[in-house]
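> structure for the following, please:
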Amino acid sequence: MTIRPLVILPDPILREVSKPVERVDDEVRKFADDMLATMYDAPGIGLAAIQVGEPRRMLVLDVAEKDEEPAPRIIINPEILERSDAMNVHEEGCLSIPDYYAEVERPAEVTVRYVDEQGREQTLKADGLLATCLQHEIDHLNGVLFIDYLSKLKRDMVVRKFKKLAKDRPPSRMVG
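Predicted coordinates:
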């Protein structure tokens, strides 16, 4: 497994819409393993392929608590089928926007259809942190960042801060 460099705001690739994965094969499974290694190394609970510079519709996540057995999930070509009317607020952060956190309101429950690492179609009904994480990562696949849910003033402050930081770091993508 290879730990890949993370794409950091304001890199414009974060605003690209990812393309569907055409077929699940050994290369896709290896890439998913690299994504998991990168996510755990960061450390994070979710990672979309676009965050390592690959505009593919796939993500990985693991919302197990620190004292629980790891429960990694590989989710390919996810589609949200249902969103609850009930809403939930979670403090969110993002590996592509390091050290910035904000409360975001999202549907409390979602039902997601996806393909697993074996190429089998799956349906997952999620609530709590898993629902939030799924929505956050699926947003990435659509070029949407969690800061897009904030007020324009807060979002603009975050973007300005990261543009200034980008001027101070080398042009290559940063590692976690």
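
> just give the closest residue to the most centrally placed residue in the chain, not the sequence neighbours.
With distances taken as C-alpha atoms, centre = their mean, the residue of the chain nearest its centroid is Glu137 (3.1 Å). Counting by C-beta to C-beta, 6 or more residues apart in numbering, Glu137 lies nearest to Leu59, which is 4.1 Å off, once chain neighbours are set aside. Placement of C-beta: from N, CA and C, glycine included.

> sorry, back to before: how about the residue nearest to the centre of the chain, what does it touch?
For Glu137, the contacting residues are Gly46, Leu47, Ala48, Leu59, Leu61, Ile75, Pro78, by C-beta atoms under 8 Å, 6 or more residues apart in numbering.

> now the residues you listed: which count as buried?
Listed as buried from those are Gly46, Leu47, Ala48, Leu59, Leu61, Ile75, Pro78; burial here means 16 or more other C-beta atoms under 10 Å.

> strands along this structure, start to end?
46-48, 58-61, 73-83, 87-94, 97-107, 109-115, 121-127 (DSSP state E).

> ranking those by burial, who's on top?
Neighbour counts (mean count of other C-beta atoms under 10 Å) averaged over each of those peak at strand 46-48, with a mean of 29.

> list of residues touching that strand?
Residues outside strand 46-48 that contact it (C-beta under 8 Å, 6+ apart) are 18, 35-36, 38-39, 58-63, 95, 133-134, 136-138, 140-141.

> before we move on, what about stretch 92-99?
For stretch 92-99, the surrounding residues in contact (C-beta under 8 Å, 6+ apart) are 6-9, 11, 14, 39, 42, 44, 47, 51, 100-104, 132, 136, 140, 145-147, 158, 162, 176.

> show me how far that stretch is from its chain's centre.
Stretch 92-99 sits 10 Å away from the centroid of its parent chain (C-alpha atoms, centre = their mean, to the nearest Å).

> any buried residues in stretch 63-74, and which?
Neighbour counts over stretch 63-74 (16+ other C-beta under 10 Å) mark Val63, Pro72, Arg73, Ile74 as buried.

> list the residues that contact the third one.
The one in question is Arg73. By C-beta under 8 Å, 6+ apart, Arg73 lies in contact with Val60, Leu61, Asp62.

> if we use 10 Å, what do you get?
By C-beta atoms under 10 Å, 6 or more residues apart in numbering, the contact list for Arg73 reads 32, 36, 46, 59-63, 114, 116-117, 122, 124, 130, 133-134.

> run through the bridge partners of it.
For Arg73, the beta-bridge partners under DSSP bridges are Leu61.

> the contacts of Glu137: which two are farthest apart?
Largest separation among these by C-beta to C-beta: Leu47 and Pro78, giving 13.3 Å.

> mind listing the shared neighbours of those two?
Joint contacts of Leu47 and Pro78 (C-beta under 10 Å, 6+ apart) are Met58, Leu59, Glu137.
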